[in-house]
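*Asks:* 3D, please:
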Amino acid sequence: LHPGKLSDWTGQIYADFPHVDVAQLSQHLPLGVQIMQGQGSLRLWSDLANGQWSGGMADVNLTQLKTHWTGESSPWTLERLSGRLGAKVSATGFAISTQHLAFVGAQGLAWPGGNLALEYTHPVGANPAKGHLQADHLDLFALREMAMRTPIPDALRDKLQDHALSGHVSALQYRWEGDWATPARYDAKATLEGLTLKNTHTQINTATTAWPGLQGAQVQWTMNQDGSQLEVNMGADGAVFLPGILEEPILPVRSLHADVSFKHEAGHWHVPQFKLKASTADGQGQWQGQWHPSPHGKGLGVLELQGQIPQLDASRAHRYLPLNLPADVRQYVRETLVKGVYADVQIKLKGDLDRFPFADPKQGEFRIAGRLQDVEFNYLPTSWQAPKSRPWPRLHKLNGQLVFDRLGLKLSDASARAGDARNGLLLSAIQAEIPNMTEQSVLTVSAENKGAAKPLLDLVQSSPLNALTGGALSEAEASGNVQTRFKLTIPLINTEH
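*Replies:* Reported below is the predicted structural model:
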């Protein structure tokens, strides 16, 4: 070893700096990073091979660190940075790593510590470039905040700006071949815990459709160039965000399990299969189906969905109707189903979502069918009557089959008490139908009654039926039994629209 001939040096250099001004090291850093301020302690291990730097490690414990990335207008300030950094370089590639790297930002941003390792091999001849990234214990919120302070593409910055992201990556593996931005082959696996991802405009804008979001999710994710598999689980602290899909976009869940398969074909992503089981405060259900992009490549795509809901709080059924349904339909369901249970519900949807709810049967299918149990049914709310109209008697303890078919509603094979839940007129063979709840809406009701005449007369005298009969029975009295069949056709006028 010749002390004056650096090219002969091979080995490791160790340096310990108990107190150092790291701003003096700025001129030796790559990637357009400038250290403007910082002090603390450094321990360095630097490897040399024939005078060339081939790698090293650094234990850092710094305070009041201020850095600036080329292209960014504002500096990045850290109150404290600690951990180990490592790097290796060779003619064939490089490797970098961190161990227990933690920091606290000046504005409260905290990175609790995580491990990361990246290996990269340069392309040689016909052999493509290769890379391997592995990491664990990564804080997603801190990653987002860091990314927002570094020079990233504007499109990615806009997406991060529009979304809240938090949770932890407990394990990540990513291998690729080819250019890192557009790899020819890749394989990724990740486990995420406590994932929250939502559009920041979820609560203030429900009219604009955005990607669904999650809160408190445990996620297992695998992906390669051909497809992807996603498994999601949530507990009692979970929620799903559905802006532009549901009128109340935040849906808390008690439990949720979802399996989704993705396939990449002809330049487009498809969902050949998905399965979902969920439980909320209103009920529980399961759904399965598939989704494909629209043939023309634009729009919401083509969905095929089947669902089963064993039991749902009837008064909350409106909460799960999509915003694609006209407001009149959602309002009618909200005002008519006052209480009770909607059971054994079957859901079917098939067609191009841009044409939902498929007013033309040739465009697709949308059907919800289930059985009402002990329901209070306000079949003609005051908001659907002419001003100052007399209210129609509600149906109590209603049991029957209720079907929503596209824009229509039909109640069949039903029985109930009209007017009073305990002593009201007992009706059977009830049929009710609204063929179209959005255009020239007309309610047709028919029913039968066999029993005492007095409850029937009381119902006529206390309802709009009295006016429809010209008041002919206003002073009448009745006794004995009677068998009655009646049918009414009533135009619906939504006074709120």
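*Asks:* Using neighbour counts, pick out the buried residues of stretch 318-332.
*Replies:* Buried residues in stretch 318-332, counted by 16 or more other C-beta atoms under 10 Å: 318-326, 328-332. C-beta: built from backbone N, CA, C; applies to glycine.
*Asks:* which residues sit against it?
*Replies:* 206-207, 244-248, 282, 312, 333-334, 337, 353, 356-357, 381, 383-384, 407, 409, 434, 437-438, 441, 494, 496-497 (C-beta atoms under 8 Å, 6 or more residues apart in numbering).
*Asks:* Could you work out the end-to-end span of it for me?
*Replies:* 9 Å (C-alpha to C-alpha, to the nearest Å).
*Asks:* model confidence over it, on average?
*Replies:* The average pLDDT for stretch 318-332 rounds to 87.
*Asks:* Can you get me the centre-to-centre distance for it and its chain?
*Replies:* 19 Å (C-alpha atoms, centre = their mean, to the nearest Å).
*Asks:* Likewise for stretch 129-142?
*Replies:* 24 Å.
*Asks:* residues of it that come out buried?
*Replies:* Under 16+ other C-beta under 10 Å, the buried positions of stretch 129-142 are 129-131, 133-135, 138-142.
*Asks:* what about Pro322, distance to Glu145?
*Replies:* 34 Å (C-beta to C-beta, to the nearest Å).
*Asks:* wait, Phe103
*Replies:* Distance from Phe103 to Glu145, by C-beta to C-beta: 11 Å.
*Asks:* Check the contacts of stretch 318-332 for burial and list the buried ones.
*Replies:* The buried subset of the contacts of stretch 318-332 (16+ other C-beta under 10 Å) comprises 206, 244-247, 282, 312, 333-334, 337, 353, 356-357, 381, 384, 407, 409, 434, 437-438, 441, 494.
*Asks:* Quick check: helices, which of those residues are part of them?
*Replies:* In this view, these that belong to helices under DSSP state H are 333-334.
*Asks:* which outside residues touch the helix or strand that contains Ala171?
*Replies:* Here Ala171 sits within strand 163-177, counting by DSSP states H and E. The contact list for strand 163-177 (C-beta under 8 Å, 6+ apart) reads 128-141, 143-144, 183-200, 213, 217.
*Asks:* Stretch 372-384 too?
*Replies:* Residues outside stretch 372-384 that contact it (C-beta under 8 Å, 6+ apart): 314, 331-332, 335-343, 389, 391-392, 394-402, 411, 414, 416, 421, 432, 441, 443, 445, 490, 492-496.
*Asks:* coming back round to it: what about the buried residues of stretch 129-142, which are in strands?
*Replies:* Using DSSP state E, 130-131, 133-135, 138-139 are the members of the buried residues of stretch 129-142 that sit in strands.
*Asks:* so Lys88 bridges to which residues?
*Replies:* Gly55, Ala95 (DSSP bridges).
*Asks:* likewise His292?
*Replies:* Val302.
*Asks:* ok, how many other residues are close to it?
*Replies:* 17 (other C-beta atoms under 10 Å).
*Asks:* list the contacts for it?
*Replies:* So His292 contacts 270-271, 301-302 (C-beta under 8 Å, 6+ apart).
*Asks:* ok, now Trp111?
*Replies:* Counting by C-beta under 8 Å, 6+ apart, Trp111 has contacts 101-104, 139, 142, 146.
*Asks:* go again using 10 Å as the cut-off
*Replies:* 78, 81, 83, 101-105, 138-139, 141-143, 145-146 (C-beta atoms under 10 Å, 6 or more residues apart in numbering).
*Asks:* circling back to that earlier point, so which of the contacts of stretch 318-332 belong to strands?
*Replies:* 312, 337, 409, 434.
*Asks:* still on that earlier bit, next, format the ones in strands among the buried residues of stretch 129-142 as a markdown table and append pLDDT.
*Replies:* Formatted as a markdown table, those follow (pLDDT from 0 to 100):
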| residue | pLDDT |
| --- | --- |
| Lys130 | 96 |
| Gly131 | 96 |
| Leu133 | 96 |
| Gln134 | 96 |
| Ala135 | 94 |
| Leu138 | 88 |
| Asp139 | 89 |
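*Asks:* all strands for the stretch 201-350 of the chain, in order.
*Replies:* 213-224, 227-241, 250-252, 255-265, 268-280, 283-292, 302-313, 337-352 (DSSP state E, counting those that start in this stretch).
*Asks:* And for the stretch 51-200 of the chain?
*Replies:* 52-69, 76-89, 93-105, 110-121, 130-136, 138-139, 163-177, 185-199.
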